[in-house]
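Sequence and computational prediction follow.
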Amino acid sequence: CIINGSMTGMPSQKSFDAVAPLAPWSSPQNLPDHLQSVRDITATPGCSCSTKMDGYDDTSCIKWHIYRPGNHFMHTTYMGAVVERNLAGMHEHSYHQHIYPFQVRRRVRETEYFRRGDWRTNWLDRSQQATWLICYRATDIPGKMMVHCHNAKHADDGTLAKEYVRDLRGEDSIAGGECVCNAFGSITGPGIIDDMEQAKVVGRRAFGAVQNLHVTGTAKVLVYVKMPFLM
């Protein structure tokens, strides 16, 4: 504040001069498995998929599909796989995936903010570049993984999808594990740890509330208005 024309309660220039400069940042030792670099490791065969976000309002979609709850997945992978995603549309939408941070692999216009090898959980680049390549290794947490535009309205309008990480540890088939790109439907088989038949509300209490529950055979579909997430 200012009293009688002078500043009070503020540090003097001398106190600023006495502050030691910040030490340069360096990567910590003993990083967890999911943060070990995979930038220069070839993706596991079959685990390189494309993800394109596009549209606004009632045209919002990922790879020309809007979000569907329950047993409906865009891509699948499995524990231990090196996963690669070829992103498109990120000059208009902010790519965000849950659970695993991803590493910038290639096709990045390097600036002071963007560097090849960076770890991120979001990606938005207004450079009008056509595609970007990211990667990660699925190491610790199997199950459903949400992928969406980090603009909440865009996600709510349909720019939202799920991937699935199978848990094949201890399975005889782990050596033969495979990824699936562009499934956009139900999945079955080994390594599934979730109840796939019942859609579940995740997040804060829905202000729209569940309107109806339709049952056709064993499939259960929740019809909703502005729900946080239906997994």
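Good, I have the coordinates.

ok, now which ones touch the residue nearest the centre of the chain?
By C-alpha atoms, centre = their mean, the mean C-alpha position of the chain lies nearest to residue 97, the distance being 0.5 Å. For residue 97, the contact set (C-beta atoms under 8 Å, 6 or more residues apart in numbering) comprises 121, 145-147, 163. In this view, the C-beta of every residue, glycine as well, is placed from N, C-alpha and C.

Can I have the buried ones of these as a ChimeraX selection?
Filtering the contacts of residue 97 down to the buried ones (16 or more other C-beta atoms under 10 Å) takes a single ChimeraX command:
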select :145,146,147,163
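
Of the contacts of residue 97, which pair is most distant in space?
121 and 163 (14.6 Å; C-beta to C-beta).

Check the residue nearest to the centre of the chain and give its pLDDT.
Note on residue 97: pLDDT of 96.

any idea how far it lies from residue 123?
9 Å (C-beta to C-beta, to the nearest Å).

what do you get for residue 188?
With C-beta to C-beta as the criterion, residue 188 and residue 123 are 31 Å apart.

which of the two has more neighbours?
Between residue 188 and residue 123, counted using other C-beta atoms under 10 Å, the more crowded position is residue 123 (21 against 7).

How many neighbouring residues does the nearest residue to the more buried one once chain neighbours are set aside have?
Spatial nearest neighbour of residue 123, excluding adjacent residues (C-beta to C-beta, 6 or more residues apart in numbering): residue 95 at 4.4 Å. Per other C-beta under 10 Å, the neighbour tally for residue 95 reads 27.

which residues does residue 95 contact?
With C-beta under 8 Å, 6+ apart, residue 95 has these contacts: 51, 53, 87, 122-124, 147, 149-150.

Show me how to select, in ChimeraX, the buried members of the residues you listed.
Buried subset of these, written as a ChimeraX selection, criterion 16+ other C-beta under 10 Å:
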select :51,53,87,123,147,149,150
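
Closest one to residue 75 out of the contacts of residue 95, please.
residue 51 (7.6 Å).

For the closest residue to residue 125 other than its chain neighbours, give its distance to residue 37.
Distances taken as C-beta to C-beta, 6+ apart place residue 90 nearest to residue 125, at 5.6 Å, with adjacent residues excluded. According to C-beta to C-beta, residue 90 and residue 37 sit 22 Å apart.
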